[in-house]
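Undergrad: below is the sequence, then the predicted model.
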Amino acid sequence: MILDTSILKTSGIGLQVEDRWLWRNLDLTLPCHSFLAVTGPSGTGKTSLLRCLAGKLSPTEGSLSRGLPFAMIHQDLELADGATCLMNALGGCLGRHSFLSTLFSFPPKEKKQAKKLLSKFGLSGKERQWASTLSRGERQRLAICRALLAKPSILLADEPVASLDNKWADHVLTTFQDTIRAGDGGIICSLHDESQVSRFADMHLHLDPSLPNGWSLKAFNQEEKS
């Protein structure tokens with residue numbers, strides 16, 4: 001018997017905005033340990049697709065199944081500007097603890113892991129700094145720390161390296177790769193740089209209204225990635 005190791009599936013999903021279909025009949029299967037890159041021109045529905053996969057937006061047609069814990073990195077980051085970097089990062093672990101258990105303080109183990117992530121992403125020494133005082137790139141890296149601390153089975157990332165230089169972008173995407181290889185999850189990440197897609201992704205979903213149904217899907221083999 002062949003076991004199904006997929007962690008997310010869609011069946012014929014489509015999204016209509018007013019009188020225009022962004023995409024239709026999208027059948028997508030995300031296997032465990034996979035990195036799916038999503039690309040496409042502005043306005044083709046990349047953010048809307050991620051929101052559908054996260055359950056924050058209902059597709060107009062079709063269905064999807066995603067039973068595992070997920071975290072999402074939004075374009076607007078959704079940080080708490082009036083909280084410190086450390087508290088923002090610790091927000092990622094709230095799903096593992098009750099409100100009362102974190103009312104006065106977070107468990108030492110979570111604080112240690114949060115500080116480790118902040119250091120890994122160049123925010124060491126800024127633990128007590130307000131998030132509102134960070135640069136855009138620092139804020140983006142902080143949002144990544146928060147998402148990784150959630151330890152999701154599925155990470156949905158909406159342009160997570162858009163405000164980062166090449167060095168930090170490579171560092172983030174390499175960390176994403178290492179994370180899915182070490183665990184049992186997968187990543188769906190919208191990107192603009194085609195070289196990043198070919199270097200880091202296992203699958204490539206391209207959204208474009210000129211394509212049949214508005215999308216094309218390709219899986220890379222090892223020869224193409226080497």
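TA: Received it, and whenever you're ready, just let me know what you need.
Undergrad: for this protein, which segments count as strands?
TA: Taking DSSP state E as the criterion, the chain contains strands spanning 6-17, 20-31, 35-39, 61-65, 70-73, 154-158, 186-190, 203-207, 215-219.
Undergrad: so which elements touch the third one?
TA: Which is strand 35-39. helix 46-53, helix 166-182, strand 186-190, helix 194-200, strand 203-207 (3 or more Cβ pairs under 8 Å, 6 or more residues apart in numbering; DSSP states H and E). In this view, the C-beta of every residue, glycine as well, is placed from N, C-alpha and C.
Undergrad: find the one among those with the highest mean neighbour count.
TA: Using mean count of other Cβ atoms under 10 Å, the stretch among those with the greatest mean number of neighbours is strand 186-190 (a mean of 25).
Undergrad: which residues are contacting that one?
TA: Residues from elsewhere that reach strand 186-190, judged by Cβ atoms under 8 Å, 6 or more residues apart in numbering: 7-8, 30-39, 46-47, 50, 53, 153-160, 173, 176, 179-180, 201.
Undergrad: in PyMOL, how would I select the buried members of these?
TA: Only the buried entries of those go into this PyMOL selection, using 16 or more other Cβ atoms under 10 Å:
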select buried, resi 7+8+30+32+33+34+35+36+37+38+39+46+47+50+53+153+154+155+156+157+158+159+160+173+176+179+180+201
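Undergrad: picking that back up, can you add distance to Asn166 and mean pLDDT and give the strands of the chain back as a markdown table?
TA: Shown next, in a markdown table, are the strands of the chain (distance: least, Cβ to Cβ, whole Å; pLDDT from 0 to 100):
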| stretch | distance to Asn166 | mean pLDDT |
| --- | --- | --- |
| strand 6-17 | 29 | 94 |
| strand 20-31 | 27 | 95 |
| strand 35-39 | 17 | 97 |
| strand 61-65 | 34 | 95 |
| strand 70-73 | 19 | 93 |
| strand 154-158 | 17 | 96 |
| strand 186-190 | 16 | 96 |
| strand 203-207 | 20 | 97 |
| strand 215-219 | 24 | 96 |
